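Novice: Here is a sequence together with a model predicted from it:
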Amino acid sequence: MESIPYEHGLILAAILFSCGLVGVLTRRNIVFVLMSLEVMLNACGLAFVVASARWGHADGQIMFMMILTLAAAEVAVGLGLIIQMYRRYHTVDISVLSEMKG
Amino acid sequence: MLEWIGLLPLFPLLGFLALTLTGGKPGNTSASLIGVGSIALSFVLAAAISYEFLRSGASSHTQLLWNWMRVGDFTPAFSFYLDGLAVVMILVITGVGLLIHLYSTGYMTGDPSFARFFAYMNLFVASMLVLVLADNLVLLYLGWEGVGLCSYLLIGFWYQKPANGYAARKAFVVTRVGDTSMAIGLFVLFTQLGTLNIQEVLTLAPQQWSVSSGVAVAAAALLLGGAVGKSAQLPLQTWLPDAMAGPTPISALIHAATMVTAGVYLIARTHILFELAPQVQMLVAVLGLLTLLMAGFTALTQRDIKRILAYSTMSQIGYMFLALGVGAWSAATFHLMTHAFFKALLFLAAGTVILSLHHEQDIFKMGGLRKRLPLAFWSFLIGSAALAALPFTSGFYSKDEILLAALAQPQYGIILWLGGVLGALLTAIYSFRLVFVVFYGKELPQHDHEPIREIRGIPMAAPLVILAALSVLGGFIAVPVGAVFGAAEAEPYHASTLIHAIMIAVPLLGVGISYLIYGGHAIAATNLSKLERIRQSAAGAAITRFWFGGWGMDALYDRLLVRPFIALAHLNRKDIIDTGYASIAAFTQAGNNLLVRTQTGNLRWYSISMIGGLIIVIAVGVWR
């Protein structure tokens, strides 16, 4: 079976990562910021999987599982924070949270 | 009995503690009971100890109380040394001190800080006794500083008035100059001789130092510096007239009878050091002579009753220094004692006048008080007679001894004698000017038109009577200091009858001059107006102003020391030295302000800067 060249996988990961990054930087809605973060995490995971396939090594796939659990925990905490934020400020606009400045 | 000598300063010290630790609460009765009682106990003990000491015929008695400290080989002890000189001093301090304490119970009645006054007074007497009984110079220095502190506290006793606080600070700072010199003198003695025990110093010094060797001159000159500061002699005399800001009994006790004579005591105590340095000893005589003349002229122009007495104190201590300078140690001690009697009497009498006139001190606002204040008048008359050295008063005998000793000085005897005689003339003039202006002449109306009543009562009258008796009869007391000075004593001078006649006539002449000008009769009035006309002339006014200001010494020190210091302080008001440190602080502050701007609180700003940093790091890593 003709395998997909690993460069393609890495390029896809880079594109996904950049999309997520742009989302984090530009979105004002904190829910979308969180989702963009997820996209970035998964882009990293894809890069790990591609690398493990390239070198025939299982470490990358194990790393991806760790990233999955990490992402799950992060979403749980992040959603909890979002609910708290909405209760307190009645909005999910992230630029409201700028009180901690010097 | 002699071993109880340690109790002498203990009684006043306990009195001080009792009055202080109760926070000034004791009422007037109990405060005066404690204050006067402690001094009375001390006096009785001093009299008993002196009696036993003199009867035993011993030349000295040393009592070790305890070792003070031990630093290497240096072990100053709390140890008291009693000899003839110390006997004279402790009797004067406790005796005159007791009378003045007694007087103060009347004088200070109604003062809100009555107990505080007696606390300070008791502490003073304790310190003074330590000073004169100390057997080593360190302990002496403790007493020396103690009396200085009490002097400061008591000059500024009425501290609510800023002028009094200023006078107190001035006295403290000026005497401090002398004290520093004395401390350096002690260091010199210790490094050269390895001990500060007075008797050991006095035995070792002549063995190790030759006459007028450099170190002997240095030691004597430095000790002299301390003595002139404490005794208000040239050039550190400026504090004494201002010290009159304190209550009058203080002026009597501290600034006339006891503390200011501490310098005389110090020189007499260490007389062997001064004999090793004849130049310095001559300097003592010269300083004494200059001070007594300067103070005499100044006293002629003063208007304040207490300032006149202050300048006369300076001039009388000048006589003592003159005596010390020509080696008449016992004459100096004798004059110290008689001066304590008659000057305390004069100050206490002045206190009665001041109190009776509701704190009026200008003598030209008094007049004709002879009938109103008979007790003060007679006290003043007797005191002034003794001060002016009229025949058969105590001052006559002591001043006579000093002048004869001055005449016996081989090189400059005649100059010293002439100066002393001129000083005696001045003394007679200014002291009787005081008597005539205050007690004779027209009675002047007082500003508040209250009838003048003499304030009397046993506590205030008894000390005056006793001191008056001592002022007259004190000349017949022989000071038992022969054994102390022994061979060091200058040979008595056998003067001709003419010399004696001059010395009797001069004070009488002075009284006569005073009578002709200030006597309050018709001739005096014309003489007074003539004098006033001289005074109005340009030269007369200049001289009067010059003398009135204490020969410009205050102004000189003001220009020379005080103003440059203040200018320097002004210059350094912004802390020039600190600008270096301050600029470091300002730099970090500015950096902080700059960095604070980056903390916007905006999450996206933080993310962008993180990403930007990340990109830079990766770029550097890849293309390096």
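Specialist: Happy to help now that I have it. Residues are numbered from 1 along each chain as shown, chains lettered A, B, ... in the order given.

Novice: Pull out the buried positions in the helix or strand encompassing residue A:48.
Specialist: Using DSSP states H and E, residue A:48 sits in helix A:30-55. Using 16 or more other CB atoms under 10 Å in any protein chain shown as the test for burial, helix A:30-55 gives A:30, A:33-37, A:39-52. Yep, even glycine has a C-beta here, placed from its N, CA and C like the rest.

Novice: Phi and psi next, for residue B:327.
Specialist: When read as degrees, to the nearest 10, the backbone of residue B:327 gives phi 80, psi 10.

Novice: Apologies, that question was intended for residue B:78.
Specialist: phi -80, psi 90.

Novice: Tell me which helix or strand the residue nearest to it when sequence neighbours are not counted sits in.
Specialist: Spatial nearest neighbour of residue B:78, chain neighbours left out: residue B:65 (4.2 Å); criterion: CB to CB, 6 or more residues apart in numbering or on different chains. Per DSSP H and E, residue B:65 falls inside strand B:61-67.

Novice: Show me which residues of that strand are buried.
Specialist: Going by 16+ other CB under 10 Å, strand B:61-67 has these buried residues: B:61, B:63.

Novice: what helices or strands is that strand leaning on?
Specialist: Strand B:61-67 is packed against strand B:77-82, with contacts defined by 3 or more CB pairs under 8 Å, 6 or more residues apart in numbering or on different chains; DSSP states H and E.

Novice: average pLDDT for the helix holding residue A:48?
Specialist: Summarised as a single mean, pLDDT over helix A:30-55 is 91.

Novice: repeat for stretch B:567-576
Specialist: Here the average pLDDT along stretch B:567-576 is 82.

Novice: likewise stretch B:502-509?
Specialist: In this model, stretch B:502-509 has an average pLDDT of 84.

Novice: likewise stretch B:307-320?
Specialist: Across stretch B:307-320, pLDDT averages out at 90.

Novice: Skipping its backbone neighbours, what lies nearest residue A:39 in space?
Specialist: With CB to CB, 6+ apart, the residue lying closest to residue A:39 is residue A:20, at 3.6 Å.

Novice: where does the stretch 501-624 of chain B dip in pLDDT?
Specialist: Low-confidence segments of the stretch 501-624 of chain B (pLDDT under 70): B:520.

Novice: How about the stretch 201-350 of chain B?
Specialist: Answering for the stretch 201-350 of chain B: no residues sit below the bar, that is pLDDT under 70.

Novice: For it, which residues are neighbours of chain A?
Specialist: Residues of the stretch 201-350 of chain B lying near chain A by CB under 8 Å from any CB of the partner chain: none.

Novice: Check the stretch 501-624 of chain B too.
Specialist: Counting by CB under 8 Å from any CB, the stretch 501-624 of chain B sits next to chain A at B:595-604, B:607-608, B:611.

Novice: Can you pick out the most distant pair from these?
Specialist: Greatest spacing in these, by CB to CB: B:596 and B:611 (22.1 Å).

Novice: Isn't the residue nearest to residue A:39 up against residue A:37?
Specialist: Yes. With contact defined as CB atoms under 8 Å, residue A:20 and residue A:37 form a contacting pair (6.7 Å).

Novice: so what does the longest helix seen in chain A touch, helix or strand wise?
Specialist: Longest helix of chain A, by residue count under DSSP state H: helix A:59-89. Counting contacts by 3+ CB pairs under 8 Å, 6+ apart, helix A:59-89 is packed against helix A:30-55.

Novice: mind checking which helix or strand residue B:415 is in?
Specialist: Per DSSP H and E: helix B:413-439 holds residue B:415.

Novice: so the closest residue to chain A within the stretch 351-500 of chain B is in which element?
Specialist: The stretch 351-500 of chain B approaches chain A most closely through residue B:359 (66.2 Å), counting by CB to the nearest CB. Here residue B:359, judged by DSSP H and E, is contained in no helix and no strand.

Novice: re earlier: the longest helix of chain A relative to helix A:30-55, how many degrees between them?
Specialist: Orientation of helix A:59-89 against helix A:30-55 (axes from the mean of the first three to the mean of the last three CA atoms, to 10 degrees) gives an angle of 180 degrees.

Novice: Off-centre distance for helix A:59-89?
Specialist: Centre-to-centre, helix A:59-89 and its host chain are 9 Å apart (CA atoms, centre = their mean, to the nearest Å).

Novice: List the buried residues of that helix.
Specialist: In helix A:59-89, counting by 16+ other CB under 10 Å, buried: A:60, A:63-64, A:67, A:71, A:78, A:82, A:85.

Novice: Specify which member of those is nearest to chain B.
Specialist: For the buried residues of helix A:59-89, the nearest to chain B is residue A:85 (11.8 Å; CB to the nearest CB).

Novice: Quick check: the closest one vs residue A:27, distance?
Specialist: From residue A:85 over to residue A:27 the distance is 15 Å, taken as CB to CB, to the nearest Å.

Novice: do the same with residue B:528
Specialist: Here the criterion is CB to CB. By it, residue B:528 lies 108 Å from residue A:27.

Novice: And residue B:44, by the same measure?
Specialist: From residue B:44 across to residue A:27, the span is 102 Å (CB to CB).

Novice: if you count what's nearby, which of the two comes out ahead?
Specialist: Ranked by neighbour count (other CB atoms under 10 Å in any protein chain shown), residue B:44 and residue A:27 place residue A:27 first, with 16 against 13.

Novice: Not counting its neighbours along the chain, what's nearest the more buried one?
Specialist: residue A:33 is the one closest to residue A:27 (CB to CB, 6+ apart), at 5.2 Å.

Novice: contacting residues for residue 64?
Specialist: Assuming you mean chain A. A:45, A:48-49 (CB atoms under 8 Å, 6 or more residues apart in numbering or on different chains).

Novice: ah, I was thinking of chain B
Specialist: Residue B:64 touches B:77-79, counting by CB under 8 Å, 6+ apart.

Novice: Adding neighbour count and pLDDT, write those out as TSV.
Specialist: Formatted as TSV, the contacts of residue B:64 follow (neighbours: other CB atoms under 10 Å in any protein chain shown; pLDDT from 0 to 100):
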residue	neighbour count	pLDDT
B:77	19	83
B:78	19	86
B:79	19	87
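
Novice: Reformat these as a markdown table; add distance to residue B:171.
Specialist: Output for these, formatted as a markdown table (distance: CB to CB, whole Å):
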| residue | distance to residue B:171 |
| --- | --- |
| B:77 | 31 |
| B:78 | 28 |
| B:79 | 30 |
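
Novice: Just give me the closest of the residues you listed to chain A.
Specialist: Among those, and counting by CB to the nearest CB, the member closest to chain A is residue B:78, at 65.1 Å.

Novice: quick one: the closest one and residue B:140 touch, right?
Specialist: No. Taking CB under 8 Å as the definition, residue B:78 is not a contact partner of residue B:140, at 11.8 Å.

Novice: Find the residues that touch each one of those two.
Specialist: What both residue B:78 and residue B:140 touch, as defined by CB under 8 Å, 6+ apart, is an empty set.
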